[in-house]
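# fold the following.
(one chain, ligands or ions: 3)
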Amino acid sequence: MTWTTQQLPSDHPPVKSGNIGVLLVNLGTPDAPTPGAVKTYLAEFLSDRRVVEIPPIAWQPILRGIILNTRPKKSAHAYQQVWTEEGSPLAAITAQQARALQQRLGDGVQVGWGMRYGNPSIAQEMTRLKDAGCDRILLAPLYPQYSGATTATVVDKAAETLGRMRWQPALRTLPPYHDDPVYISALARDLTRQMDRLDFVPEVLLLSFHGMPERTLHLGDPYHCHCRKTARLLETEMRAAGEYAQLRFVTSFQSRFGRAKWLEPATDTMLEAEAKAGTKRLAIAAPGFSADCLETLEELAITGREQFTAPGGEQFAALSCLNANEAGMDMLDTIIRRELSGWI
Ligand SMILES: C=CC1=C(C)c2cc3[nH]c(cc4nc(cc5[nH]c(cc1n2)c(C)c5CCC(=O)O)C(CCC(=O)O)=C4C)c(C)c3C=C
Ligand SMILES: [Fe+2]
Ligand SMILES: [Fe+2]
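Ligands and ions are numbered 1, 2, ... in the order given. Below you'll find the model as predicted:
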């Protein structure tokens, strides 16, 4: 469908230029829920020096000698529990977001999607957009909170791709949007809608963000501060709506990896601690993930439930990410049009 000027919301300029591409990028995922495919994916992901900041001479023997011989089997089992007919949830939802955004922006802009690790790759999709006539590309890493291990590595890969082109497209990048009122109100609107539909009233809303090694905070990565700010603004916005006066907001960090100290408190520790302290009804949300994935559907919704109920928690709900739902797409539409406005 092509938007006409009349169909566009009045505060949005019509998008009419024919040479603009938008590339939505998320982390990446294996091609199949098998140990072999997971091994290929993890080898690429965990060899990124932005992700594991240990010199390769020390890290690669550990990765190749130990991790890639043990973790793929365990992770493949976890992927099998959440895999869909359209493939990995992360890839399927990112594709849905790209299709929905294409509909909203109309034919004047070409919307693609790619993955930092695995398929479709950033290089492949940037080349496809360029070959389709895009001489301007907006690169949109779908990470609300900036970190070197996510946002920066997407931009590095795009720059590496440009480095191989004789005639480069112009590139813009979507800034982090952790404190953007449009993002905060989309989250508040969507989480409130989901909580209103539960058959219990939560005492606690646990906001779980992906973790990072704690040293990255001391080295100046803003990720931890971005997560804390998102959580603070979201709590303020949800309280301002007047509902959930009794609700307690708690922030935590999930998916610890390796032996180093990671950001705290850890999500698994908090789930257990809440149950042990007598909390009976808990909802968990992952505001830093723009799409549901292994980390939300398996780690939070399946394992997290066990971590809360085993020590005495009674009612548990894992709330969905914004995905391609209306609140999520309204938000993406607005922040992406804002970036495109200099080009149209
Ligand atoms: C050193 C290891 C890791 C860092 C640092 C890290 C940062 C980080 N990751 C995300 C988002 C996602 N991570 C996902 C999966 C995942 N993450 C790690 C390790 C690190 N992440 C691993 C090994 C895995 C794979 C699964 C596993 O074996 O446990 C995913 C989901 C991918 C999917 O296919 O569904 C996302 C999304 C962020 C935002 C982040 C830093 C801020
Ligand atoms: Fe991760
Ligand atoms: Fe995990």
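# for ligand 3, what's its nearest residue on the stretch 51-200 of the chain.
Nearest to ligand 3, among the residues of the stretch 51-200 of the chain, is A78, at 7.3 Å (C-beta to the ion). Just so you know, the C-beta spots here come from the backbone N, C-alpha and C atoms, and that holds for glycine as well.
# what's the burial count for that residue?
Around A78 sit 18 other residues, with neighbours defined as other C-beta atoms under 10 Å.
# centre of the chain to the helix or strand hosting it, how far?
Here A78, judged by DSSP states H and E, is contained in helix 68-82. Centroid displacement of helix 68-82 relative to its chain, using C-alpha atoms, centre = their mean, to the nearest Å, is 20 Å.
# packing partners for that helix?
Counting by 3 or more C-beta pairs under 8 Å, 6 or more residues apart in numbering; DSSP states H and E, the packing neighbours recorded for helix 68-82 are helix 35-45, helix 294.
# so which elements touch the longest one?
Same thing as helix 35-45. Helix 35-45 packs on strand 20-29, helix 68-82, strand 109-118, going by 3+ C-beta pairs under 8 Å, 6+ apart.
# just to revisit the earlier point, could you find the closest non-adjacent residue to the residue of the stretch 51-200 of the chain closest to ligand 3?
In space, and not counting its chain neighbours, A78 is closest to E298: 4.6 Å by C-beta to C-beta, 6 or more residues apart in numbering.
# give the contact list for the one you found.
78-79, 81-82 (C-beta atoms under 8 Å, 6 or more residues apart in numbering).
# which of those residues are buried, as a ChimeraX select command?
The ChimeraX command for the buried members of these (criterion: 16 or more other C-beta atoms under 10 Å) is given here:
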select :78,79,82
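# quick check: which element contains E125?
helix 122-131.
# run through the strands of the stretch 201-344 of the chain in chain order.
Counting by DSSP state E, counting those that start in this stretch, the stretch 201-344 of the chain has strands at residues 204-210, 248-254, 281-285, 315-318.
# please name the nearest non-neighbouring residue to R71.
L42 (6.3 Å).
# ok, that neighbour - contacts?
Applying C-beta under 8 Å, 6+ apart to L42 gives the contacts 67-68, 71-72, 75.
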